[in-house]
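Visitor: show me how the following folds:
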Amino acid sequence: MAKPRIAFDLNDIVEMKKVHPCGENRWKVIRMGADIRIKCLGCGHSVMMPRAEFQKKIKKVLEHGADENQKNADESSFL
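Guide: Below is the predicted model of the structure:
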């Protein structure tokens, strides 16, 4: 039976199966496409990997991040 895909989006904070050498296990999704780029929230190191590999290595989504464009639109509506 295939493992179910975990839904994630840009700016989400995710937990990976393995801890980063700096000791942190929280990563921010900073690029999505055929490849996924994630940034360590401990040391700032970024890693790019194919989407299929990312799906194997992700454990869970900790926080859903707001899209930057949506955030900017929300802020400008108050002006």
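Visitor: now the spatially most central residue of the chain. Nearest residue, chain neighbours left out?
Guide: With distances taken as C-alpha atoms, centre = their mean, Val29 lies nearest the centre of the chain, 2.5 Å away. Nearest non-adjacent residue to Val29, counting by C-beta to C-beta, 6 or more residues apart in numbering: Asp12, 5.0 Å away. Using the backbone N, CA and C atoms, a C-beta is placed for each residue, glycine as well.
Visitor: CA atoms of the helix or strand harbouring Glu15 as PDB?
Guide: Here Glu15, judged by DSSP states H and E, is contained in strand 13-16. The C-alpha trace of strand 13-16 is given here as PDB (Å, rounded to 0.1, in the frame of the first residue of the first chain):
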ATOM      1  CA  ILE A  13       7.000  25.000   8.400                       C
ATOM      2  CA  VAL A  14       7.600  21.300   8.100                       C
ATOM      3  CA  GLU A  15       9.300  18.600  10.200                       C
ATOM      4  CA  MET A  16      11.600  16.200   8.400                       C
END
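Visitor: who does the following helix or strand past that strand touch, helix- and strand-wise?
Guide: Remark: after strand 13-16, the chain's next helix or strand is strand 26-31, criterion DSSP H and E. Using 3 or more C-beta pairs under 8 Å, 6 or more residues apart in numbering; DSSP states H and E, the elements in contact with strand 26-31 are strand 13-16, strand 35-40.
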